[in-house]
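A.B. asks: would you be able to build a 3D model of this:
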Amino acid sequence: MQAPGTPYSLEVNPNLPERLARLEELAGNLRYSWDRPTRELFERLHPSLWNAVGHNPKAFLRRVDERRLVHAADDPVFRSSFERALLAYDAYLDTSARSEETQRFLGDDLIA
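C.D. replies: Here you go, the predicted structure:
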């Protein structure tokens, strides 16, 4: 049995509003770690929780209150920041895909 006052974390697994559905995608790509605007999206939703989860967006999305997500989905300023982050993310993915196509190794390329 745990001693009284033992802290536990609670994961709520909130439903993401449709307008913010791609937050899960942003959270699952390591790009968030070097992209400040993406990190700021999570921090703006709940600064103290963002710090409590060690800036881990996947853990953050499992614990954030769904009401905050609903409020953010209705906030035009947040949505504008979210859309800009998605445009940059999509451009990054497009550039990565094109780089892979043009930089394939040839049979006589030395790798190591």
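
A.B. asks: where exactly do the strands run in this protein?
C.D. replies: In the chain, no strands are defined using DSSP state E.

A.B. asks: what does stretch 67-74 rub up against?
C.D. replies: Contact with stretch 67-74 is made by 14-20, 23, 44-46, 78-79, 82, as judged by C-beta atoms under 8 Å, 6 or more residues apart in numbering. In this view, the C-beta of every residue, glycine as well, is placed from N, C-alpha and C.

A.B. asks: by neighbours, which of the residues you listed wins?
C.D. replies: Comparing the contacts of stretch 67-74 on neighbour count, L23 comes out first with 25 neighbours (neighbours: other C-beta atoms under 10 Å).

A.B. asks: pretty sure that residue sits against L61.
C.D. replies: Yes: using C-beta atoms under 8 Å, L23 is in contact with L61, at 6.5 Å.

A.B. asks: returning to that earlier point: nearest to A88, of the contacts of stretch 67-74?
C.D. replies: Using C-beta to C-beta, F82 comes nearest to A88 of the contacts of stretch 67-74, at 11.0 Å.

A.B. asks: next up, the contacts around the residue nearest to that closest one when sequence neighbours are not counted.
C.D. replies: Once flanking residues are discounted, F82 sits nearest to L41: 6.0 Å by C-beta to C-beta, 6 or more residues apart in numbering. With contact taken as C-beta under 8 Å, 6+ apart, L41 is in contact with 23, 26, 78, 81-82, 85.

A.B. asks: re earlier: in helices, which of the contacts of stretch 67-74 fall?
C.D. replies: When the contacts of stretch 67-74 are checked against helices (DSSP state H), the matches are 23, 44-45, 78-79, 82.

A.B. asks: just put those residues in a markdown table and tack on pLDDT and distance to L69.
C.D. replies: Output for those, formatted as a markdown table (pLDDT from 0 to 100; distance: C-beta to C-beta, whole Å):
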| residue | pLDDT | distance to L69 |
| --- | --- | --- |
| L23 | 97 | 8 |
| R44 | 98 | 12 |
| L45 | 98 | 7 |
| F78 | 99 | 10 |
| R79 | 98 | 12 |
| F82 | 99 | 11 |
